[in-house]
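>>> just to be clear, the model below is a prediction. Sequence and coordinates:
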Amino acid sequence: MADRDAAFAEYFAARSDAMRATAYLLCGDWHRAEDLVQTAFTKLYLVWNRVARHEVLDSYVRQILVRTFLDERRRGWWRREQVGGADTDRPTPPHSPENRLVMLQALAAVPPRQRAVLVLRYWEDLSVEESAALLGCSPGTVKSQAARGLDTLRDLLPVSHNEIQ
């Protein structure tokens with residue numbers, strides 16, 4: 001039991017920050033991102049003894065994270081629990097803070113399924129096939145959702161920010 005807990009704690013310490021960044025891109029709120037990551041890692045801990053292939057843990061946790069995000073969006077939990085106001089816990093961007101803020105606000109306005117595809121494809125740099133496997137859909141769906149998501153982003157961004165290829 002102690003070995004199991006130590007291995008899990010080591011994996012959590014190594015990967016939780018990266019998963020939190022992914023979760024933030026999905027939901028646009030650092031506190032919700034933390035909740036999503038906690039939920040994902042709790043689900044992982046519950047099946048930790050049955051996980052045989054530790055080399056694919058990142059993909060497995062990312063799948064749990066995305067599905068948890070999408071499930072909560074379907075249930076409407078975020079509508080009841082979300083507290084208004086600006087999020088002041090934003091990371092310091094490497095480029096113009098204004099550009100990053102505009103992009104994050106636009107990404108937050110993209111429908112959840114399209115946003116999940118955009119995050120997996122362009123933030124996590126997953127292939128179409130990997131994204132499809134994580135989302136439980138066909139590669140064609142990933143391609144169409146990515147195209148629609150990029151179109152939505154282009155429509156939401158001011159003309160000066162419309163440099164998404």
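Happy to help now that I have it.
>>> okay, buried residues for the lengthiest helix in the chain please.
The helix of greatest length in the chain, counted in residues with DSSP state H as the criterion, is given as helix 2-27. Of the residues in helix 2-27, those buried under the neighbour-count criterion (16 or more other CB atoms under 10 Å) are 8, 11, 15-16, 19-27. Every C-beta, even on glycine, is put in place using the N, C-alpha and C of the backbone.
>>> show me what that helix is packed against.
Using 3 or more CB pairs under 8 Å, 6 or more residues apart in numbering; DSSP states H and E as the contact test, the elements touching helix 2-27 are helix 30-46, helix 57-75, helix 112-118.
>>> name the nearest of the buried residues of helix 2-27 relative to residue 99.
Looking at the buried residues of helix 2-27 and their distance to residue 99, the nearest is residue 25, at 15.5 Å (CB to CB).
>>> confirm for me that that closest one is in contact with residue 107.
Yes - shown here, residue 25 and residue 107 form a contact pair, counting by CB atoms under 8 Å, at 6.6 Å.
>>> find residues that contact each of the two.
When CB atoms under 8 Å, 6 or more residues apart in numbering defines a contact, the residues bordering residue 25 and residue 107 alike are residue 115.
>>> returning to that earlier point: dump the buried residues of helix 2-27 into TSV; add distance to residue 60 and pLDDT as well.
As requested, the buried residues of helix 2-27 are exported to TSV (distance: CB to CB, whole Å; pLDDT from 0 to 100):
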residue	distance to residue 60	pLDDT
8	13	90
11	11	92
15	11	93
16	14	94
19	11	95
20	17	95
21	18	94
22	13	93
23	15	93
24	20	94
25	19	92
26	17	91
27	20	90
